[in-house]
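> Predicted coordinates and the sequence they were generated for:
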Amino acid sequence: MLKKLFHFFIFSSLYIAGCAVLMVYQTDRLLHLRYDYLPCYLFVFFSTICSYNFHWYFTPDTPAEEIRIRWTQRHKGLHVVFYIVGLIGAGVYAWHFIGHWFWLGVAVVLTFLYSAPKIPFYPFTLLRKIAVGKTIFLAAVWTYVTAFLPAIFSNRPWTLAATLFCLNRFFFIYAICIVFDYRDRISDKQEGIRSMITLFSEKGIDRLFWISMGLFAVTTLALYYTGFSLPVLTALLVPGIILAFLYNYTKHKTSDYLYYFVLDGLMMASALFGLFIPIGYI
């Protein structure tokens with residue numbers, strides 16, 4: 001029973017939606033944003049539920065995801081239900097920020113375009129041939145929704161700290177996306193999906209990963225000069241250190257638990273660590 005509940009929590013995308021909300025909370029806390037938080041958290045939660053269940057409904061079977069694929073095959077109807085619930089919830093709470101309709105619209109379009117190549121109908125199948133930057137695209141969507149949008153909702157003047165924080169989040173998520181795409185490169189080739197990961201050699205992929213991790217480290221250290229405290233910087237760096245140590249291991253493992261629990265969890269890990277940092281040290 002516990003295993004079934006765990007699978008439901010992870011594979012229904014409730015877990016990743018919770019990660020997204022916690023990442024938004026971290027953005028609010030570190031950038032000292034002030035606005036109506038709850039509607040934003042609910043909008044991000046339902047949007048994530050909607051987009052991920054839409055994405056997984058159209059994802060074909062891949063040998064590297066044995067546990068998740070079996071779960072998805074048995075729960076296609078549940079994906080539809082969660083997609084509809086997420087769509088309604090996202091629409092309801094997006095209305096609270098209707099004054100920012102342009103930025104919300106950008107988020108909707110970007111999120112849809114990431115999953116659109118999965119739809120097995122023309123003209124969406126054409127996107128598989130041109131989605132070379134899909135890894136960058138996914139990292140950009142996550143950064144946009146969990147870091148850029150909250151700063152926009154707060155109506156505060158844009159700052160250097162906000163820019164560096166968005167870049168820092170992007171490079172870390174991008175490194176995680178590279179790990180996912182490395183595992184999926186064979187199935188992506190079979191589907192005809194082109195990306196830098198399917199086009200690069202293994203050495204090229206390694207180089208791309210370490211460049212992203214290096215830029216993540218540089219932007220983390222740069223945040224010190226915008227007023228971020230050492231405890232906060234430590235909380236940001238630790239998940240990156242864990243990912244660096246896991247990198248070679250992930251290249252030889254395809255466990256769904258490793259990818260959809262551990263690696264997805266690393267995105268919110270610094271936010272979890274930050275919960276134990278007193279507000280006076282933020």
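Perfect, thanks for sending it. Numbering: from 1, shown residues only.

> how far away is residue 26 from residue 173?
13 Å (CB to CB, to the nearest Å). For glycine as for every other residue, the C-beta is placed from the backbone atoms N, C-alpha and C.

> ok, and for the longest helix belonging to the chain, which residues are buried?
Longest helix in the chain by number of residues (criterion: DSSP state H): helix 160-191. Residues of helix 160-191 classed as buried: 161-162, 164-185, 187-188, 191 (neighbour count, 16 or more other CB atoms under 10 Å).

> How about stretch 145-165?
So stretch 145-165, judged by 16+ other CB under 10 Å, has buried residues 145-154, 161-162, 164-165.

> ditto for stretch 90-98
Here stretch 90-98 shows 90, 93-94, 97 as buried, counting by 16+ other CB under 10 Å.

> one step back: run the chain-centre distance for the longest helix of the chain.
8 Å (CA atoms, centre = their mean, to the nearest Å).

> That helix: what's the following helix or strand?
Next in sequence after helix 160-191, counting helices and strands by DSSP states H and E, comes helix 196-199.

> Would you mind pulling up the elements that the helix or strand just after that next one packs against?
Downstream of helix 196-199, the next assigned helix or strand under DSSP H and E is helix 202-222. Here helix 202-222 touches helix 160-191, helix 230-250, going by 3 or more CB pairs under 8 Å, 6 or more residues apart in numbering; DSSP states H and E.

> and helix 202-222, how far from the chain's centre?
Per CA atoms, centre = their mean, the centroid offset for helix 202-222 relative to its chain is 17 Å.

> And for stretch 139-150?
That offset, for stretch 139-150, works out to 9 Å (CA atoms, centre = their mean).

> what about that stretch, how long is it end to end?
Using CA to CA, to the nearest Å, the end-to-end distance of stretch 139-150 comes to 16 Å.

> Show residues contacting it.
20, 23-24, 27-28, 31, 33, 35, 40, 44, 47, 103-104, 106-107, 110-111, 114, 162, 165-166, 169-171, 173-174, 176-177, 267 (CB atoms under 8 Å, 6 or more residues apart in numbering).

> swap in stretch 244-252?
Stretch 244-252 is contacted from outside by 179, 182-183, 209, 213, 258-259, 262-263, using CB under 8 Å, 6+ apart.

> Just put those in a markdown table and tack on pLDDT and distance to residue 83.
Shown next, in a markdown table, are those (pLDDT from 0 to 100; distance: CB to CB, whole Å):
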| residue | pLDDT | distance to residue 83 |
| --- | --- | --- |
| 179 | 94 | 26 |
| 182 | 88 | 28 |
| 183 | 86 | 25 |
| 209 | 96 | 32 |
| 213 | 98 | 34 |
| 258 | 94 | 26 |
| 259 | 94 | 22 |
| 262 | 96 | 26 |
| 263 | 96 | 23 |
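
> quick one: residue 29 from residue 107, how far?
Taking CB to CB, one finds residue 29 at 21 Å from residue 107.

> Between the two, tell me which one has more neighbours.
More crowded of residue 29 and residue 107, by other CB atoms under 10 Å: residue 107, with 22 against 16.

> can you pull out the helices in the stretch 51-200 of the chain?
66-74, 76-94, 101-115, 127-130, 134-143, 149-153, 160-191, 196-199 (DSSP state H, counting those that start in this stretch).

> before we move on, back to that, of all the contacts of stretch 244-252, which comes closest to residue 235?
residue 213 (16.9 Å; CB to CB).

> Excluding sequence neighbours, find me the nearest residue to that closest one.
residue 175 (5.2 Å; CB to CB, 6 or more residues apart in numbering).

> for the stretch 101-250 of the chain, which spans come out with low pLDDT?
Along the stretch 101-250 of the chain, segments meeting pLDDT under 70 span 117-133, 186-195.

> got the helices of the stretch 51-200 of the chain as JSON lines, with distance to residue 226 columns?
Converted to JSON lines, the helices of the stretch 51-200 of the chain look like this (distance: least, CB to CB, whole Å):
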{"stretch": "helix 66-74", "distance to residue 226": "39"}
{"stretch": "helix 76-94", "distance to residue 226": "30"}
{"stretch": "helix 101-115", "distance to residue 226": "23"}
{"stretch": "helix 127-130", "distance to residue 226": "37"}
{"stretch": "helix 134-143", "distance to residue 226": "17"}
{"stretch": "helix 149-153", "distance to residue 226": "14"}
{"stretch": "helix 160-191", "distance to residue 226": "4"}
{"stretch": "helix 196-199", "distance to residue 226": "31"}
